[in-house]
Every structure is written in C-alpha cells, then in structure tokens.
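Asker: Would you be able to build a 3D model of this:
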Amino acid sequence: MKILFSVLLLTLFSTLAFAQKAKEETEPVIVAGKGWGVVVLGAKRKDVEAMLGEGKDRSKYDDVYFIDYPEKGIQVSYTNGKDTLANVYFYNQQRRYENFSTASVKMDKGISWDSSAEEVIKAYGKPKGDFSNGDMRRIVFKGIDFRFESGKMVRIGIPGE
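Answerer: Below you'll find the model as predicted:
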C-alpha cells in the first residue's frame, strides 16, 4: 500500500512540475523592438484586446490614443484611424500610476523588476540615451527603455519607431 501511495504521489508531483514548466515555456516574454506575446508593435487592437480584454480610455492626441489596463499594469497606445499598436508600457508602481498593478511579465536577457540600472546596461549594452532628473532616470536602448525612480525599476516601454 505504501508503495502504491508513493507511486501516486510521485506521478502527481511529476505531472504538476511538467505542467508548470510547459506554462513557463509558453508565457510571453518582453522583447525589445517587438512587444510582449501578441501585444506587439503594429498589432491590430482587436488582437491585443483578445489577450488583454477591454481597457479604459485614457487620452487622445492627433496621432495616437491611449488605453489603460490598470489591473494588468499595462498601457498601450494605438495609431488613430488604423487602430494599430504604436507603443506599450509595463508598470511597477511608477509615480502617477500607483493605481496600476505591477505588470506580471517576463523579460528577456534575465532582466526583472528587481534589476538595477547597471544590470540593465550590462544586459542591453551601451544606451542610446541616459537621462536623469532628480531621483528619476530613463535609460533608452534601441526598441526598449527603462524608467527608474529612486533606483527602482518602475516602467518598461516598447516605443514605436
């Protein structure tokens, strides 16, 4: 009886471990210059909404309009008229966005919300721009930028070119 119970437990744990590994391998990853899963630059709004759901209108400008997904920690902008993804931002308690949850996303190059500015530079190479203003720092690379406040990563942006 003990052997049968042990085999059942081993089978259960193996199945759970395999399912978790399969889930991790299929989770989208933020990629510079592209986006995150189907949330990629140039994607149609209907395709983005199929993944994120319906967002909340934020603001509209001559060329783009913004939609917020505060419960997901994501903000996107679409081109007016074409409704294609122009930019995507992922938040981690940035000032003025405290009502956003921290985006539950994976990043490439071993970067996480806990990464320092120095780790980001080591992973992505020499930045195109490195701007500071008080305790805020924005580091810009080709196809991706990172914002830090008081040394903490608070936003990742995938800008359209």
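Asker: Could you list which residues are in contact with the closest residue to residue 130 other than its chain neighbours?
Answerer: Closest residue in space to residue 130, ignoring its immediate chain neighbours: residue 139 at 5.3 Å, by CB to CB, 6 or more residues apart in numbering. The way it works is simple: take the backbone N, C-alpha and C, and place the C-beta from them, glycine included. Counting by CB atoms under 8 Å, 6 or more residues apart in numbering, residue 139 touches 117, 120, 121, 127, 129, 130, 131, 145, 146, 148.
Asker: Let me know the secondary structure of the third one.
Answerer: Spelled out, that is residue 121. helix (DSSP: H, G, I helix; E, B strand; the rest coil).
Asker: what's around it, how many residues?
Answerer: 15 (other CB atoms under 10 Å).
Asker: Now which of the contacts of residue 139 would you call buried?
Answerer: By neighbour count, with 16 or more other CB atoms under 10 Å, those hold 117, 120, 127, 145, 146, 148 as buried.
Asker: Among those residues, which are located in helices?
Answerer: Assignment to helices by DSSP state H places the following of the buried ones among the contacts of residue 139 there: 117, 120.
Asker: Including distance to residue 95, could the buried ones among the contacts of residue 139 go into CSV?
Answerer: Formatted as CSV, these follow (distance: CB to CB, whole Å):
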residue, distance to residue 95
117, 17
120, 19
127, 22
145, 16
146, 15
148, 12
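Asker: Next, format the buried ones among the contacts of residue 139 as CSV and append distance to residue 157 and pLDDT.
Answerer: Formatted as CSV, the buried ones among the contacts of residue 139 follow (distance: CB to CB, whole Å; pLDDT from 0 to 100):
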residue, distance to residue 157, pLDDT
117, 15, 97
120, 13, 97
127, 13, 97
145, 5, 97
146, 8, 98
148, 12, 98
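Asker: Tell me the one among the buried ones among the contacts of residue 139 nearest to residue 47.
Answerer: Using CB to CB, residue 145 comes nearest to residue 47 of these, at 23.8 Å.
Asker: wait, what's in contact with the closest one?
Answerer: In this structure, residue 145 makes contact with 138, 139, 156, 157, 159, judged by CB under 8 Å, 6+ apart.
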